[in-house]
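> this is a predicted model, with the sequence first.
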Amino acid sequence: MRLSNVVLFASTATALSFPDASVITSLFARKDGSSGSGSGSSGSGSGKCPAVWTSISKELTKKFLTRGECNPDARAAIRLIFHDCGAWNQAQGATGGCDGSLALNAEELGRGENKGLSGIANYVKDLAGRWGVGVADAIVFTGTHAIVTCPGGPRVKTYVGRTDSSTAAPNGLLPDVNAPAAELSQLFRDKGFDDVDLAALLGAHSTSNQFNFNTSADKVGLPQDSTPGVWDVKYYSETLKPPKGVVVFPSDTKLANYQGVGKEFKGFVGNAGKWNGKFADAMGKMALFGSSGTSGLTDCTDSLPKATSSKRDLKAMNPFKPRY
């Protein structure tokens with residue numbers, strides 16, 4: 001795998017941490033962007049979310065929202081949670097995954113697939129120190145906060161209570177943009193994702209700008225759909241038929257036309273409600289990688305901002321005022 005060309009996922013042998021399918025639907029946010037059953041409810045962790053996360057959320061809203069759209073810091077935070085949590089597979093069980101190692105291990109942060117993440121990783125590590133919270137929890141909370149900060153983005157069920165680790169994630173667990181579709185599909189299946197999950201997670205590229213895939217002067221910084229400041233489904237139609245000024249990864253093109261993944265991918269074209277629900281479910285699974293389900297964790301979803309879901313809301317909104 002060429003580590004310099006890794007997909008920006010928008011880049012330990014114990015009991016498996018992946019929650020069984022029977023509880024997934026009760027754990028994660030639905031397509032309307034709601035937070036589900038709320039803090040401390042049955043099947044959703046235990047205890048009351050510490051008030052510090054509401055204070056952190058206010059800081060993050062100011063950092064991530066510019067003129068009513070999610071900005072480059074928000075996009076970097078989305079990439080950070082994917083790369084910290086996503087460097088995991090089911091064989092690792094309840095270790096690794098969302099453990100903060102990407103921000104705590106210099107070797108991991110310096111890998112080719114993580115190029116461009118040092119700024120946001122250092123910010124999140126500093127934020128965790130200032131507020132007295134764990135780095136792993138801060139990466140997850142910052143990532144899910146960035147998702148819902150993007151206009152149209154869903155709330156993802158968000159838990160805190162992880163144990164930080166400075167042990168680097170294994171190499172080879174993040175997808176390469178030049179890999180064959182079958183290889184990419186298997187990589188995600190090894191993480192516990194199905195075709196729907198994979199197609200939905202690819203949609204995070206809706207808010208992505210590429211800097212490292214194509215370094216030509218006229219390509220650096222170009223988005224992967226025409227509205228990178230908004231969480232929408234233009235990515236799906238524009239991957240299939242790219243307009244001028246949009247960069248499409250080879251991996252995205254391959255998966256968009258590959259067997260079951262391709263079918264699900266095309267099913268999200270023009271269907272934001274369906275995509276948001278499926279994305280929130282899949283992202284919620286990823287945010288628990290390396291944990292024993294929600295055991296020992298606390299539900300802090302309600303400390304995230306409320307979703308901004310319409311153009312009318314955006315026009316009326318003060319972009320510097322936290323949304324609660």
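Received it, and whenever you're ready, just let me know what you need.

> quick one: low-confidence parts of the stretch 101-250 of the chain?
Residues of the stretch 101-250 of the chain that meet the criterion pLDDT under 70 are absent altogether.

> what about the helices in it?
Listed in chain order, the helices of the stretch 101-250 of the chain (DSSP state H, counting those that start in this stretch) span residues 101-104, 106-109, 118-131, 135-149, 181-189, 195-202, 234-240, 250-256.

> in TSV: these, plus distance to residue 294.
Backbone N, C-alpha and C define where each C-beta goes, glycine included. Converted to TSV, the helices of the stretch 101-250 of the chain look like this (distance: least, Cβ to Cβ, whole Å):
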stretch	distance to residue 294
helix 101-104	21
helix 106-109	26
helix 118-131	21
helix 135-149	13
helix 181-189	22
helix 195-202	18
helix 234-240	30
helix 250-256	30
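
> hey, which of those is tucked in deepest?
When you average the neighbours per residue for each of the helices of the stretch 101-250 of the chain (mean count of other Cβ atoms under 10 Å), helix 135-149 leads with a mean of 29.

> centre of the chain to it, how far?
Computed by Cα atoms, centre = their mean, to the nearest Å, the chain-centroid distance of helix 135-149 equals 8 Å.

> would you put the C-alpha positions of it in CSV?
Backbone C-alpha positions of helix 135-149 (Å, rounded to 0.1, in the frame of the first residue of the first chain) are rendered in CSV as follows:
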residue,chain,number,x,y,z
VAL,A,135,-7.1,13.1,23.9
ALA,A,136,-9.0,10.1,22.4
ASP,A,137,-12.3,11.5,23.6
ALA,A,138,-11.4,15.0,22.3
ILE,A,139,-10.6,13.6,18.8
VAL,A,140,-14.0,11.8,18.7
PHE,A,141,-16.0,14.8,20.1
THR,A,142,-14.2,17.3,17.9
GLY,A,143,-14.8,15.1,14.8
THR,A,144,-18.5,14.6,15.4
HIS,A,145,-18.9,18.2,16.4
ALA,A,146,-17.3,19.2,13.0
ILE,A,147,-19.8,17.0,11.2
VAL,A,148,-22.9,18.6,12.7
THR,A,149,-21.3,22.1,12.4
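
> I'd like to know which elements that helix is packed against.
In terms of contacts (3 or more Cβ pairs under 8 Å, 6 or more residues apart in numbering; DSSP states H and E), helix 135-149 is packed against helix 52-64, helix 72-86, helix 101-104, helix 118-131, strand 159-160.

> looking at those, which is nearest to residue 304?
helix 52-64 (6.2 Å; Cβ to Cβ).

> partner strands of the helix or strand following that closest one, parallel or antiparallel?
Once the chain leaves helix 52-64, the next helix or strand it forms, by DSSP states H and E, is strand 65-66. Strand 65-66 sits in its sheet next to strand 69-70 (antiparallel), going by DSSP bridges.

> average model confidence for the partner strand?
Across strand 69-70, pLDDT averages out at 94.

> on that earlier part again, closest to residue 211 out of the helices of the stretch 101-250 of the chain?
helix 118-131 (11.8 Å).
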